[in-house]
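A.B. asks: Below are the sequence and a predicted model; questions follow.
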Amino acid sequence: MKTATEPLSGSLIECDSIDRESWAALQSRSRGLQSVEARGSRLYPHFPALCQDLYSALYKYNVVLRPESVCPGSTSLGRVVLQAVLESPGYAALREATLLDAARAACGVNVLGRLALELLRDDEVTTADELAQTAALAHDEGVLDREQTALAETEALAPCLGDDARRKLDQLAESICERRQELEDRGRQVKSELPASACGRIREAVQNLPDRMDRAEDEAEAWGRGVGATARVGAAERLELGDRIGQSETLRRLALLAGSFRDYARRERRRRVARRPHETHDVTLGDDWARILPAELVSLRHPLLGRALRHRALEGRMQVYRLDGPDDRGKGPLVVCLDGSGSMQGDRDLWAKAVTLALCDIARRQHRACRVISFSDGERATRTFDVIPRARRTRPTADLGEVVRLAEHFPGGGTSFVPPLRKAIEALAESTYSLGDVVFITDGEADVPENVLEELSSARRRLAFRVYGVWVDVGRSPRDEALAVLGRFCDEVTTVSRLTADSVRDLFVKI
């Protein structure tokens, strides 16, 4: 097992241990890069080395391509892809955008790696026989390298060996040399050039990459504002998310819908939720400039003290007044159980997720954690998203990565209410606060056994939470039966026949 600082056997661009460690750190944090490498490795054994070479070609100041004579023959396929990138007319402009910028270089590898994967799968570019020959050649090269290493270790003991042993050692060395020559001959038979169409696709990708990365940053920022989320991830992951958002019409539609629902919910709460009186009670640490102590505020007149104050504000360590009065800070988390069964597909799923994100925004403004439980027809189909993790001092923020994963997730299948209800109880029990809320959004019906209802009632008495049901009336279930099922475990049930924000207006106010 190679460590992050050891060179890969199929690497074609010279790089040092620091470059390799930088790439390994980015790769370990990026699901997209991990997925591309895993899929590419099934087709081409040196695909991880190709990804590292692409990173070096975009990130390093000096790019030195190793001579073909010192590289294994099985790397020929990766070399022609890499040379097509290096010889593209847009490569110089791309390097200006990625030079010594690890995040942008990783984003470029993600795009070019996916393109290389597409080319490997294209029979007009590489056939299955060529890929099989390359894999077999790489395997034989690996075996021969291990034998040669063992031979070198044995030759160090040659003075201590007898004549027969030395003779066998010489024969083994001669055999390895002959097999090495045979492998080099086989390596020359591996594809040494790409079709013109493949080269054109690579040139086009290289040409468009700088603008694509700029759009990805803008998309990630705009989408985060639209759904009320911030990027709690590194720059490379943010670029990757932005690239995914830019290519997904569903994600863009959700951002627009969630933004309008969030604004609607805020307007309704301002109009219908009365402001409750507060009074100054104590001094504490926080990040609210409206409640900062005058003794702290005067620091802004001094350049160094002002900088230190702004730094403490980012960490939530300013001295601020603590206001005492009715507050939502002591409320438990908000848990949204979101039906992902097949009948919710399309506009219903989009509407439900927009409502969910609007509820998450309310929870964020109330300093509450928010967990979304997507469910369909069983325990395995249930998935949890911690959209808003609890923050200790500062106002919590929505996790952009979790929101994107929630938006893209749709399990399909049937409907079972038991797994999400049990997971909702677990989520509420994890919190140190009671008075949580559960919102259950579904368009179907399912049996809930008596023992599960008893578990829910017991937890409700212990944790003092409320359950709000939202039934999407699409005419697929008998209305009275479906409402009766929800009524068995919900305090209130809202029936939605039009997929608008106004349909759940009361829910936005009561949470």
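C.D. replies: Arrived safely, thanks for sending.
A.B. asks: all strands of this protein, in order?
C.D. replies: Along the chain, the segments classed as strands by DSSP state E run 229-230, 279-286, 318-324, 334-339, 370-375, 383-388, 398-399, 437-442, 466-472, 492-496.
A.B. asks: which one of the ones you listed has the lowest average pLDDT?
C.D. replies: The minimum mean pLDDT among the strands of the chain belongs to strand 229-230 (a mean of 60).
A.B. asks: so how far is Asp288 from the nearest residue to Leu293 once chain neighbours are set aside?
C.D. replies: Spatial nearest neighbour of Leu293, excluding adjacent residues (Cβ to Cβ, 6 or more residues apart in numbering): Gln319 at 4.7 Å. Just so you know, the C-beta spots here come from the backbone N, C-alpha and C atoms, and that holds for glycine as well. Distance of Gln319 to Asp288, computed by Cβ to Cβ, to the nearest Å: 11 Å.
A.B. asks: and what of Thr382?
C.D. replies: When Thr382 is compared with Asp288 (using Cβ to Cβ), they lie 37 Å apart.
A.B. asks: which stretches of the stretch 101-250 of the chain aren't confidently modelled?
C.D. replies: Low-confidence segments of the stretch 101-250 of the chain (pLDDT under 70): 144-145, 147-148, 150-193, 224-239, 246.
A.B. asks: residue ranges of the helices in it, please?
C.D. replies: With DSSP state H, counting those that start in this stretch as the criterion, the stretch 101-250 of the chain has helices at 102-121, 128-155, 163-188, 196-227, 235-246, 249-272.
A.B. asks: domains for this structure, by residue range?
C.D. replies: Split into domains by automatic domain parsing, the chain comes to 129-188, 279-324, 334-510.
A.B. asks: got CSV for the strands of the chain, with mean neighbour count too?
C.D. replies: Below are the strands of the chain laid out as CSV (neighbours: other Cβ atoms under 10 Å):
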stretch, mean neighbour count
strand 229-230, 20
strand 279-286, 12
strand 318-324, 17
strand 334-339, 27
strand 370-375, 26
strand 383-388, 22
strand 398-399, 22
strand 437-442, 26
strand 466-472, 22
strand 492-496, 17
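A.B. asks: Out of the domains of the chain, the one nearest Ser30 is which?
C.D. replies: Closest of the domains of the chain to Ser30 is domain 334-510, at 10.7 Å (criterion: Cβ to Cβ).
A.B. asks: these two touch, right, Pro210 and Ala93?
C.D. replies: Yes. Contact criterion Cβ atoms under 8 Å: Pro210 and Ala93 qualify, at 5.9 Å.
A.B. asks: out of these two, which sits in the more crowded spot?
C.D. replies: Between Pro210 and Ala93, Pro210 has the larger neighbour count (other Cβ atoms under 10 Å), namely 18 against 14.
A.B. asks: show me what contacts that one?
C.D. replies: Contacts for Pro210 were tallied using Cβ atoms under 8 Å, 6 or more residues apart in numbering; they are 90, 93-94, 96-97.
A.B. asks: pretty sure Ala222 contacts Arg252?
C.D. replies: No. In this structure, Ala222 is not within contact of Arg252 by Cβ under 8 Å, at 9.3 Å.
A.B. asks: Pick out the residue closest to the middle of this protein.
C.D. replies: Gly401 (5.1 Å; Cα atoms, centre = their mean).
A.B. asks: Tell me the bridge partners for the nearest residue to Ala352 once chain neighbours are set aside.
C.D. replies: Spatial nearest neighbour of Ala352, chain neighbours left out: Ile441 (5.0 Å); criterion: Cβ to Cβ, 6+ apart. With DSSP bridges applied, Ile441 shows beta-bridge pairing to Leu338, Val470.
A.B. asks: Same question for Ile373.
C.D. replies: Assessed by DSSP bridges, Ile373 has beta-bridge partners Cys337, Thr384.
A.B. asks: List the contacts of it.
C.D. replies: Ile373 neighbours (Cβ under 8 Å, 6+ apart): 335-338, 382-385, 420, 423-424, 427.
A.B. asks: circling back to that earlier point, does the residue nearest to the centre of the chain touch Leu241 like I think?
C.D. replies: Yes. If you go by Cβ under 8 Å, Gly401 and Leu241 touch, sitting 6.4 Å apart.
A.B. asks: Give me the number of neighbouring residues for Arg380.
C.D. replies: Arg380 is flanked by 10 other residues according to other Cβ under 10 Å.
A.B. asks: Quick check: it vs Ala258, distance?
C.D. replies: For Arg380, the distance to Ala258 - Cβ to Cβ - is 28 Å.
A.B. asks: Could you list the low-pLDDT ranges of the stretch 351-500 of the chain?
C.D. replies: Scanning the stretch 351-500 of the chain for pLDDT under 70 picks out 391-395, 432-433, 474-479.
A.B. asks: Which stretches in it count as helices?
C.D. replies: 400-408, 418-430, 450-463, 479-487.
A.B. asks: Tell me which of these sits most buried.
C.D. replies: helix 400-408 (a mean of 22; mean count of other Cβ atoms under 10 Å).
A.B. asks: which of the contacts of Ile373 lies closest to Ser458?
C.D. replies: The shortest gap between Ser458 and any of the contacts of Ile373 belongs to Ala424, at 13.7 Å (Cβ to Cβ).
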